[in-house]
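Peer 1: Need a 3D model of the sequence below.
(2 chains)
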Amino acid sequence: MIKLENISKTFTAQGVSFKALEGVSLEIERGDIYGIIGFSGAGKSTLVRCINLLERPDQGGKVVVDGEELTALSPRELRGRRAGIGMIFQHFNLMPSRSILDNVRYPLQYRGLSKPEQVKKALEMLELVDLGGKANNYPSELSGGQKQRVAIARALACEPKVLLSDEATSALDPETTQEILELLARLNRDLKLTLVIITHQLQVVKNLCRHVAVMERGHVVEQGEVFEVFANPQNEVTRHFINAASNLSKAEALLRSKPDWLNLLHGEKLVRLTYLGKGVSEPVISKLTTDYQVSINILFADVELIGGYPLGGTVGIFSGAPQDIAAALDFTRQQNIKVEVLYE
Amino acid sequence: MNDLWHSLIPNVLNKPDELWLSTLQTLYMLGISGVIAFALGLILGVALVVSAPRGILPNKVFFATLSSLINIFRSIPFVILLAAMIPVTRLIVGTAIGTTGAIVPLVAGTVPFFSRQVESALSSVDLGLVEAAQAMGSGPVGIIFRVYLKESIPALIRVTQITAISLIGLTAMAGAIGGGGLGDFAIRYGHQRGQTDVTYVTVLVILAIVAVIQISGTTVIRRLQH
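Peer 2: Numbers count the residues shown, from 1 in each chain, chains lettered A, B, ... in the order given. Now for the predicted structure:
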């Protein structure tokens, strides 16, 4: 559905040039929910703006959306195609002087529809986001979540196949964020809408996306299925992201700030187990205690649904005879569980 | 009652026709030069915003040239502009005196100021709106009319008010080149012949015109704002 080939973008200000993107290539399937995550300044907003060419990539980059090479179109043709790519923003960008209805009508005025047709379509879109009753209000009278839903209605008015979301939930509280994510998931399901989600919130990727690309300094450093990337992060930045959000990294943080907090006895090990498989069926921990005579003092445990699969782990102190612990850890590794000895 | 007025403003009451005529002349200068300056200033203000480095059609040379031309014209004191413009005025309207002769320098004195005001009004439009409009398929013309101008109507009314009021001040000065109007009236009688009551009444009339501009502008803004 979306194909980015060798996208670079250089900004020049006062003679100093800065590469926001360097040779990024991505492919996004029709109907997918594709997350692009990274810290601020990683280039993700620039990248998403290259999809509808709000930013034109440097020479040599190619953007193909729905089988059409956008980078080869004239400005006029491009404006026509943009209607097929909806976009929503962190700060909603609704027009304050227009009513909610007129905001949603804005893109329809380029579609050659009569005014009653535009109004009908706009009202339909507002119904779709459950805001039919607010047609005659003004943006200033709405809450943040409602504004974002109006923005979604506006972005979908021209029935695009792709919706680009640039930090659309970053200005919202957690509860409203969840509402918007559910709405986006529903639109993806019901309208077969391809979603490209730019975010720095791990939660958004975890709850919504199927594929993810991790960006740092203008490069995509890791990409793949959300579960795979999160279960087995290859890159430093990815790990950083996951650790910052996970309960299981608390043990490390505690160790760093209070090294003697554990009070490990001789032979005891602090171990983190991360379940890599798409499903945790074996009762591994009880097996370790019964079959290997290792006693485990569980300090932290966490399970989350990521990309629809449970991902979790346990941090605990293993104690027992050294050969028993070694055998127990070997057994655990064979169960598709990542074993990290944090301290011994 | 009549006696009271006659003792308060004797010199005004013996030439009411002239006061009326002067008021009309002022309104004439204000109206004609105001409309022309509004149109030109709006065009130049839009041109500035659009061609600015972060505008939708950035053009360094055009922006720098226009910007410095405006600065040069803005820095010429109006009284000097009045004298300096005489040949140009003659060329354009055929005469350099009278209310019609005053219109050319009035426009020239107002446009630079107003275009800067328009520029600042349009610049206060959130660039996010421009970006959203682009993402929805708006081209430069659509963005100028449907985003920049439409979204800054209250601000544009406000700067128009300010400019119109300063334009009244300029029409008074234009009286100096025989432009007529209330300024000329006050100088000739109030100042040169010591008829102080004429000065005061003139001030009151001008105050009334200013009040009308203020109140109508503010009412419209209040209706439009959400």
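
Peer 1: going forward, measure contacts between C-alpha atoms and count neighbours the same way
Peer 2: OK.

Peer 1: From residue A:343, how far off is the spatially closest residue to residue A:255 that is not a sequence neighbour?
Peer 2: Excluding the flanking residues, the one nearest residue A:255 by CA to CA, 6 or more residues apart in numbering or on different chains is residue A:261, at 7.0 Å. Distance of residue A:261 to residue A:343, computed by CA to CA, to the nearest Å: 12 Å.

Peer 1: For chain B, which helix extends over the most residues?
Peer 2: What stands out as the longest helix in chain B, according to DSSP state H, is helix B:16-51.

Peer 1: Can you pick out the residue with more neighbours from residue A:261 and residue A:343?
Peer 2: Between residue A:261 and residue A:343, residue A:343 has the larger neighbour count (other CA atoms under 10 Å in any protein chain shown), namely 15 against 10.

Peer 1: For chain A, give me its nearest residue in chain B.
Peer 2: Closest contact between chain B and chain A, by CA to the nearest CA, is at residue B:137 (4.4 Å).

Peer 1: number of nearby residues for that residue?
Peer 2: Using other CA under 10 Å: residue B:137 sits among 27 other residues.

Peer 1: cool, residue A:290 as well?
Peer 2: Residue A:290 has 10 nearby residues by other CA under 10 Å.

Peer 1: which is the next helix or strand following the strand or helix carrying residue B:87?
Peer 2: Using DSSP states H and E, residue B:87 sits within helix B:86-93. Going down the chain from helix B:86-93, the next helix or strand is helix B:98-123, by DSSP H and E.

Peer 1: Tell me which other helices or strands that following helix touches.
Peer 2: Applying 3 or more CA pairs under 8 Å, 6 or more residues apart in numbering or on different chains; DSSP states H and E, we find helix B:98-123 packed against helix B:16-51, helix B:60-75, helix B:78-84, helix B:86-93, helix B:153-174.

Peer 1: when you compare where the longest one runs with where helix B:153-174 runs, what's the angle?
Peer 2: Here the directions of helix B:16-51 and helix B:153-174 differ by 130 degrees (axes from the mean of the first three to the mean of the last three CA atoms, to 10 degrees).

Peer 1: chain center to helix B:16-51, what's the gap?
Peer 2: 5 Å (CA atoms, centre = their mean, to the nearest Å).

Peer 1: again with the fourth one
Peer 2: Here helix B:86-93 shows a centroid-to-chain-centroid distance of 20 Å under the convention CA atoms, centre = their mean.

Peer 1: For the closest residue to chain B within the stretch 51-200 of chain A, give its distance to residue B:88.
Peer 2: Residue nearest to chain B within the stretch 51-200 of chain A: residue A:79 (4.4 Å; CA to the nearest CA). Distance of residue A:79 to residue B:88, computed by CA to CA: 44 Å.

Peer 1: Which one's more surrounded, those two?
Peer 2: Each of residue A:79 and residue B:88 has its neighbours counted (other CA under 10 Å); residue A:79 has more, 20 against 14.

Peer 1: Can you classify the more buried one as helix, strand or coil?
Peer 2: Put simply, residue A:79 is helix when judged by DSSP: H, G, I helix; E, B strand; the rest coil.

Peer 1: got a list of what it touches?
Peer 2: B:134, B:136-139 (CA atoms under 8 Å, 6 or more residues apart in numbering or on different chains).

Peer 1: 6 Å instead?
Peer 2: Residues near residue A:79 by CA atoms under 6 Å, 6 or more residues apart in numbering or on different chains: residue B:137.

Peer 1: And the pLDDT for it?
Peer 2: Note on residue A:79: pLDDT of 91.

Peer 1: Any chance of JSON lines for the helices and strands packed on helix B:98-123, columns distance to chain A and mean pLDDT?
Peer 2: Shown next, in JSON lines, are these (distance: least, CA to the nearest CA, whole Å; pLDDT from 0 to 100):
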{"stretch": "helix B:16-51", "distance to chain A": "16", "mean pLDDT": "95"}
{"stretch": "helix B:60-75", "distance to chain A": "13", "mean pLDDT": "95"}
{"stretch": "helix B:78-84", "distance to chain A": "37", "mean pLDDT": "89"}
{"stretch": "helix B:86-93", "distance to chain A": "40", "mean pLDDT": "90"}
{"stretch": "helix B:153-174", "distance to chain A": "9", "mean pLDDT": "93"}
